[in-house]
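Undergrad: Pasting the sequence and the predicted model now:
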Amino acid sequence: MTKLEIAEIFAVWALNGNWAASELFQGDQQMKDLRISLYAEQLSDIDYWQGLLGASHSLKTRRFPPNIAEFSEDIKTAVEKTESEISYAYLAARNAVRIAEDLGLDVQEAIERLPQRTKTVIRVMGGLDAFAPKDSRVFNMDGFETTYRSLLRKRNALTGEKYTELPAEHKALPGSKKG
């Protein structure tokens, strides 16, 4: 992650009523910049969206803002949870198709019983024929997983809403000049 990305995460964390008085957000602008630089340097190999997942996890599970090691753990936990969600959705869809085929039921009807997100992934990737080609017993797992991740990344990992940048009035940390 970059300094700007860490600064945006810090801004969200600082807005949390329980964390606003944390030492992490105290001090002059130079001290805040040093903290942001340190986090950014140590987490430079982390994808921003994954960092947002971890930041959201931190907000939900920690009493105090995480240090770098804790934040790294939160990112890992959140990413693993997301990967499990994707795997589960794929297996559920695959099993729904297989069972419907084996029982001679309407496969499209079986797909309609799946969770909305899973149905959306199949629709976006090109429908049932793209997910479970008729001429093959092999499912398009790579296409499903890629499409699922792509759709997740179009949502803000902190809010779940369609991604938008933080409003300008929230980009600066409390007590600092807003730029």
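TA: Thanks, I have the structure now.

Undergrad: Which neighbouring elements make contact with the top helix by length along the chain?
TA: Within the chain, and with DSSP state H defining each element, the longest helix by residue count is helix 68-103. In terms of contact count using 3 or more Cβ pairs under 8 Å, 6 or more residues apart in numbering; DSSP states H and E, helix 68-103 is assigned the packing partners helix 29-42, helix 48-61, helix 107-112, helix 116-124, helix 128-131, helix 141-153. (C-beta placed from N, C-alpha, C; glycine too.)

Undergrad: would you list the ones you listed in TSV and tack on mean pLDDT?
TA: As requested, the helices and strands packed on helix 68-103 are arranged in TSV below (pLDDT from 0 to 100):
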stretch	mean pLDDT
helix 29-42	95
helix 48-61	94
helix 107-112	95
helix 116-124	94
helix 128-131	94
helix 141-153	93
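
Undergrad: before we move on, the earlier item: would you indicate which residues of the longest helix of the chain are buried?
TA: Using 16 or more other Cβ atoms under 10 Å as the test for burial, helix 68-103 gives 71-72, 74-75, 78-79, 82, 86, 89-90, 93-94, 96-97, 100.

Undergrad: Show me which pair in these is furthest apart.
TA: 71 and 100 (43.6 Å; Cβ to Cβ).

Undergrad: domain assignment for the chain?
TA: Domain segmentation of the chain under automatic domain parsing yields 3-78+157-170, 81-153.

Undergrad: Would you tell me which one of those domains is buried the most?
TA: domain 3-78+157-170 (a mean of 16; mean count of other Cβ atoms under 10 Å).

Undergrad: Residues contacting stretch 49-62, please?
TA: By Cβ atoms under 8 Å, 6 or more residues apart in numbering, the surrounding residues in contact with stretch 49-62 are 1, 5-6, 9, 12-13, 16, 43, 46, 65-66, 70-72, 74-79, 81-82, 153, 156-158.

Undergrad: Perfect, I'm done here.
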